[in-house]
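Undergrad: The following comprises the amino acid sequence and a computationally predicted model.
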4 protein chains.
Amino acid sequence: MIQVGIVGGTGYTGVELLRILALHPKVEVAVVTSRADAGTRVDAVYPSLRGYSNAVFTPPELETLADCQVVFFATPNGTAMLMAEQLLQRGVKIIDLSADFRLQDVKQWEHWYGMQHACPDLISEAVYGLPEINREVIKTAQLIACPGCYPTAVQLGFLPLIEQNLIDNGRLIADVKSGVSGAGRKAELSSLMSETGESFKAYAVAGHRHLPEIIQGLSHVAAETVGLTFVPHLTPMIRGIHATLYGQLHTDVADLQARYEQRYAHEPFVDVLPAGVHPDTRNVRGSNRCQIAIHQPQGGSTVVVLSVIDNLVKGAAGQAVQAMNIQFGLEEGMGLQTVALYP
Amino acid sequence: MIQVGIVGGTGYTGVELLRILALHPKVEVAVVTSRADAGTRVDAVYPSLRGYSNAVFTPPELETLADCQVVFFATPNGTAMLMAEQLLQRGVKIIDLSADFRLQDVKQWEHWYGMQHACPDLISEAVYGLPEINREVIKTAQLIACPGCYPTAVQLGFLPLIEQNLIDNGRLIADVKSGVSGAGRKAELSSLMSETGESFKAYAVAGHRHLPEIIQGLSHVAAETVGLTFVPHLTPMIRGIHATLYGQLHTDVADLQARYEQRYAHEPFVDVLPAGVHPDTRNVRGSNRCQIAIHQPQGGSTVVVLSVIDNLVKGAAGQAVQAMNIQFGLEEGMGLQTVALYP
Amino acid sequence: MIQVGIVGGTGYTGVELLRILALHPKVEVAVVTSRADAGTRVDAVYPSLRGYSNAVFTPPELETLADCQVVFFATPNGTAMLMAEQLLQRGVKIIDLSADFRLQDVKQWEHWYGMQHACPDLISEAVYGLPEINREVIKTAQLIACPGCYPTAVQLGFLPLIEQNLIDNGRLIADVKSGVSGAGRKAELSSLMSETGESFKAYAVAGHRHLPEIIQGLSHVAAETVGLTFVPHLTPMIRGIHATLYGQLHTDVADLQARYEQRYAHEPFVDVLPAGVHPDTRNVRGSNRCQIAIHQPQGGSTVVVLSVIDNLVKGAAGQAVQAMNIQFGLEEGMGLQTVALYP
Amino acid sequence: MIQVGIVGGTGYTGVELLRILALHPKVEVAVVTSRADAGTRVDAVYPSLRGYSNAVFTPPELETLADCQVVFFATPNGTAMLMAEQLLQRGVKIIDLSADFRLQDVKQWEHWYGMQHACPDLISEAVYGLPEINREVIKTAQLIACPGCYPTAVQLGFLPLIEQNLIDNGRLIADVKSGVSGAGRKAELSSLMSETGESFKAYAVAGHRHLPEIIQGLSHVAAETVGLTFVPHLTPMIRGIHATLYGQLHTDVADLQARYEQRYAHEPFVDVLPAGVHPDTRNVRGSNRCQIAIHQPQGGSTVVVLSVIDNLVKGAAGQAVQAMNIQFGLEEGMGLQTVALYP
């Protein structure tokens, strides 16, 4: 059994890791840390895990984590970078669900995240953990930076168009809607039911931290810097991201449906829907799947891609486990074969 | 007191008319029709109206309606056109909340609505009831076609940009999200709580009936045919529309915030928010107001307009009463001075 | 115009007072205090009030409040009692929406609220602001303690049964369900959308602060100490309280429906529904009304009373304004004539 | 592999069976019927099942169903009784999720369900499929009547109290709250999001079909006819049932917590929470578990039991699969080991 540590087990990505790993046949969760809840049983905080976890939260300590083979960081930004170097030196693989190692440009990272990076030298060693692009390098990665939730939905949606040079890379638009669990398990006024329920709004239109991450990813694929307008929205539900993506097609582009189906034919967690269908976030709720549809309204030059994920699964914990499976040579979908919870 | 009739009082726009008109100081609701509920007290179907309405649903009959000064049609599409001619001949003003008289091109109407129009000659007499464009002609209109909910939010958002020729009219994008009450009070599987709650999806991407209506309105303002990609979405809440609009600015456009504020300075129901703010649908819930914000992310050439309304008020019943007030020479905001219900 | 002050204008009861008073024809909101937001325009915090309020939050200071004729406290428990005495001495009437003056037994208050009472001598002067019981004394009250939200729904539901000695007062059961706005506008983990949405739970079964308040009120009416089991629940919605009340009927009790109708025949804000109907919280959303239904399942000895209110209106701000109207000799329903927002 | 048929695969219990059985290691779903969707792929109706099911809906025909070893009826009431006899004669086991065989008294059944029973002789052969009571007889049952969702939550909550004769069986109260998926996947006005969202109500207080079922079950355990007041409520969420149960304790009853823990110590799907905890429906969402807590407010004579299930799992499809596992000698929890989806 692979010995796993989870740092920051009391957030939504932490408990989602616990949910998934509780039934993973090759993993034993050896350490779950939480400063605030140290000494408390995990299933006392999360009664959904009663019977599936005997773990007790411990303070985050190097020595106990160093006995693990892999450590997941489900922490706020700025935490993983403080422990990464020492763990790597001890031979522990790291899968970071936070943003600490997502941006290759440290200056940009420090601009968007408002703090100094603690180990800039490690950034270039980090592998961006999007299996649909980086499967081969993930296999040998010691340090994996898991993509953000918005970046996962947006990149998977745009990927075939950009890889095959089908659209004007200079003017991409991503209008993306997220459930409120994306804001995390933090006592913030703006995340209250009374503030978010029965209402819809855009936020951070001036600039969101996931913007440079998406641009970095798509620019890498495009081999040129893409131009992206990214507008995130908050939608009154708990789980789910729906990306509505707009691109301007070059002339004489055909067979979009077939191109998408071929691109993702061998991807276990990207599902291209039949032509004309609209994906619905509930159909991926609790699952690690991304469902995608491609539309070309009125046969015009604007292509509309609809891409949905569960932000806590394919957008966070599920994708992290998928990366771990690849990293440890396991079957890629191990522990992730669940049917979405509908209705 | 103005004698008012409401045809189709059992749908959401019908009950919203009843809610608003119950407190309108110059109106008496004389007739409320419903075939299905004829003979039943209105407040037995809608207990929220107990004490505010003694009306009883009657079958829709010309004679009783002809005694009214104005008749609102809150009916499914295809109903108002069957009674309009006779009522107009009897001197009754008509305010149609359905789509029967919204499109000037009858062929287009028949294409999108899938039926033959019963009185094509009347179409040209109909006034499109968006006060922010048509206030003057509404004053003398006999037949008012109230805008759809999506078209209201989208047109009010784009209007200043197009009137002042600030963007490329050929490639407009409207990514719009609606609460489920927009689908009406009909027993349909797709509107169940279990089908729409906790989930988000786009629909009708290939073409929605409000597309030609929006194009007609914006093209009229632009004095050229605009090109629009319109993607409607269903968001898991009851009331509210949030339009996220994208346009490509011509070079050297400045002062967008000031332009919007000036354009709507004298509009009682359009509220341009301060720079940098994001509107939230809850802040217009139950009110007749449209709140708008203008953003120019990263100072680029893509302008993003955020426009929110309550689909049942400014998107339907409230706008209809606003038009009636104009039509009857009343203070435009009479009966519509309510503060949105937050939280 | 009556000069009104609101202490604690940034909570949900505060903004609800602002919503109601904005349209009250005899009131001018002269002072709105908030330590945290002092200097900020009220409508910058609450964009729903744009155009309806020019107020700016100020720090809570005796001098400015003393110029008001009446001051509403929409503050956390323990605040009103610190300023009450001085304001009363200056001739200012006080309407306290918090719990500071609700319990006549100061020892009990200190037990349940976990602090020492700052002005125990004032408690006996306070009038419990439930108009359906205390209308006459409210007229001359200087200090009004507004009932809690649960106590309002429960007392109005039980009142006719207890006044007329129809049930066993020793074993009352109140199974009550509240929307999450009842928890207030505070950054607490337990009030997050992700924690409360799509889920239902009971809480505080061992004892809730509203238990002694309900017992005090019903015991006063019963002229004996009643026995009550009170189980509050959290339901995934924002506004609304639904009380399901159970009592054991004495033998030979008949005409329950008629008794309720007669008891509340002249109450402007208690609406007894026709026999057989079930009230729905949405039908009182945004309104000051309590809707009540009485059932006697299978004709047995257990009576079931269903009582619904909007916790922020009849359960807080609306009831406070109703009391103010009585206190100032205004028409009791002034500013409170609104139709519930359905759907 | 056990060959399974599902009659009525397009309702919520049907798709929930498909979700669970898709990952059951010993089952092959050979037939899924639907008159309305015959010829359509199951995963075209339910995109959540893409990749997990290649089934195509077929009309319900005896010949194809007779080739199965077990047939689940996930049909409206009145359907299973029409095919049961023939299937049983062909040696097919039947697990009926509808109400056709739940009530042993056929007259009572015909009264509550408003139709004549098609095969009254079979009723006495039917085994009520609540494993916590009937595990032994389920092992050899040919015809299993799965309990309703309310009856499951209520009976599991009351069971220890009644089995051990701890309360007054003559005056039980069950105040139960259900998510809207309990109403099924039917196009009904009352199940619309706009009708059920953001609102709470009781319904069927005069009498609900689950009342005689609960009374039958509890009376059997009590060996006397129990007296029950049952009030069902609709709560604005999709999945989940929360039963709040009230009983009057006999004097000198102690150790309630221990009694519950002992009673359910060996039950794989009943989880007694630690003393003082309140269960939350989200903690069993998507799982087959019932979580229970026992409270004795203020140490009085009224015991309050809180019992939660997912109405579609332990309240329907999960319990049916649990029964099938018992019936076929499989490990009882096979295919049911999932962690609830939180948040």
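TA: Received the coordinates, thanks.
Undergrad: where along the stretch 1-150 of chain A do the strands fall?
TA: Applying DSSP state E, counting those that start in this stretch to the stretch 1-150 of chain A gives strands spanning A:2-7, A:27-33, A:70-73, A:93-96, A:127-128, A:143-145.
Undergrad: can you check the stretch 201-343 of chain A too?
TA: Using DSSP E, counting those that start in this stretch, the strands of the stretch 201-343 of chain A run over A:201-202, A:228-234, A:241-248, A:270-272, A:290-295, A:302-309.
Undergrad: Please see if the fourth one touches chain D.
TA: Yes: shown here: strand A:270-272 in contact with chain D (CB under 8 Å from any CB of the partner chain) through residue A:271. All C-beta spots, glycine's among them, are computed from the backbone N, C-alpha and C.
Undergrad: mean confidence for that strand?
TA: Strand A:270-272 carries an average pLDDT of 98.
Undergrad: helices and strands around that strand, which ones?
TA: helix A:256-263, strand A:290-295 (3 or more CB pairs under 8 Å, 6 or more residues apart in numbering or on different chains; DSSP states H and E).
Undergrad: Serialize the strands of the stretch 201-343 of chain A to CSV and add fields for mean neighbour count.
TA: As requested, the strands of the stretch 201-343 of chain A are exported to CSV (neighbours: other CB atoms under 10 Å in any protein chain shown):
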stretch, mean neighbour count
strand A:201-202, 23
strand A:228-234, 24
strand A:241-248, 25
strand A:270-272, 22
strand A:290-295, 26
strand A:302-309, 26
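Undergrad: So which bits of the stretch 201-343 of chain A are right by chain B?
TA: A:201-203, A:205-207, A:227, A:229-231, A:233, A:235-240, A:242, A:244, A:246, A:248, A:276, A:278-282, A:285, A:295, A:297-298, A:300, A:302, A:304, A:306, A:308, A:343.
Undergrad: Quick one: name the residues of the stretch 51-200 of chain A near chain B.
TA: Proximity of the stretch 51-200 of chain A to chain B, by CB under 8 Å from any CB, involves residues A:171, A:173, A:175, A:177, A:179, A:194-195, A:197-200.
Undergrad: looking at the strands of the stretch 1-150 of chain A, which is buried most?
TA: Greatest average neighbour count among the strands of the stretch 1-150 of chain A goes to strand A:70-73 (a mean of 28), per mean count of other CB atoms under 10 Å in any protein chain shown.
Undergrad: other SSEs contacting that one?
TA: Using 3+ CB pairs under 8 Å, 6+ apart as the test, strand A:70-73 ends up in contact with strand A:2-7, helix A:80-89, strand A:93-96, helix A:318-327.
Undergrad: make it 6 Å
TA: Contact here means 3 or more CB pairs under 6 Å, 6 or more residues apart in numbering or on different chains; DSSP states H and E; on that basis strand A:70-73 packs against strand A:2-7, strand A:93-96.
Undergrad: What strands flank it, and is each parallel or antiparallel?
TA: Strand A:70-73 pairs in its sheet with strand A:2-7 (parallel), strand A:93-96 (parallel), by DSSP bridges.
Undergrad: Next up, the contacts around the single nearest residue of the stretch 51-200 of chain A relative to chain B.
TA: Using CB to the nearest CB, the closest approach of the stretch 51-200 of chain A to chain B is made by residue A:199 at 3.6 Å. By CB atoms under 6 Å, 6 or more residues apart in numbering or on different chains, residue A:199 lies in contact with B:280-282.
Undergrad: now do 10 Å
TA: For residue A:199, the contact set (CB atoms under 10 Å, 6 or more residues apart in numbering or on different chains) comprises A:234-236, B:179, B:235, B:237, B:239-240, B:242, B:280-285, B:308, B:342-343, C:238.
Undergrad: from these, which ones fall inside helices?
TA: Among the contacts of residue A:199, none falls in helices (DSSP state H).
Undergrad: Keep these, but drop any that are not near chain D.
TA: Under the cut-off given by CB under 10 Å from any CB of the partner chain, chain D has A:236, B:179, B:237, B:239, C:238 from the contacts of residue A:199 close to it.
Undergrad: The last one and residue C:160, how far apart?
TA: The span separating residue C:238 from residue C:160 equals 30 Å under the rule CB to CB, to the nearest Å.
Undergrad: List phi and psi for the residue in chain A sticking out farthest from the centre.
TA: Most distant residue from the mean C-alpha position of chain A: residue A:252, 33.8 Å away (CA atoms, centre = their mean). Torsion angles at residue A:252 (phi, psi; degrees, to the nearest 10) stand at phi 60, psi 30.
Undergrad: pLDDT score for it?
TA: For residue A:252, the model assigns a pLDDT of 85.
Undergrad: dump the residue contacts of it.
TA: For residue A:252, the contact set (CB under 10 Å, 6+ apart) comprises residue A:166.
Undergrad: Then the one 3 residues further on?
TA: Going by CB under 10 Å, 6+ apart, residue A:255 touches A:261-262.
Undergrad: And the longest helix that chain A contains, what's buried?
TA: Identified as the longest helix of chain A according to DSSP H is helix A:149-163. Buried positions in helix A:149-163, judged by neighbour count with 16 or more other CB atoms under 10 Å in any protein chain shown: A:149-162.
Undergrad: before we move on, back to that, want to try a markdown table for the strands paired with strand A:70-73, with mean pLDDT as columns?
TA: Output for the strands paired with strand A:70-73, formatted as a markdown table (pLDDT from 0 to 100):
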| stretch | mean pLDDT |
| --- | --- |
| strand A:2-7 | 98 |
| strand A:93-96 | 98 |
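Undergrad: any chance of these in JSON lines, plus distance to residue B:290?
TA: What follows is these, written out as JSON lines (distance: least, CB to CB, whole Å):
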{"stretch": "strand A:2-7", "distance to residue B:290": "47"}
{"stretch": "strand A:93-96", "distance to residue B:290": "43"}
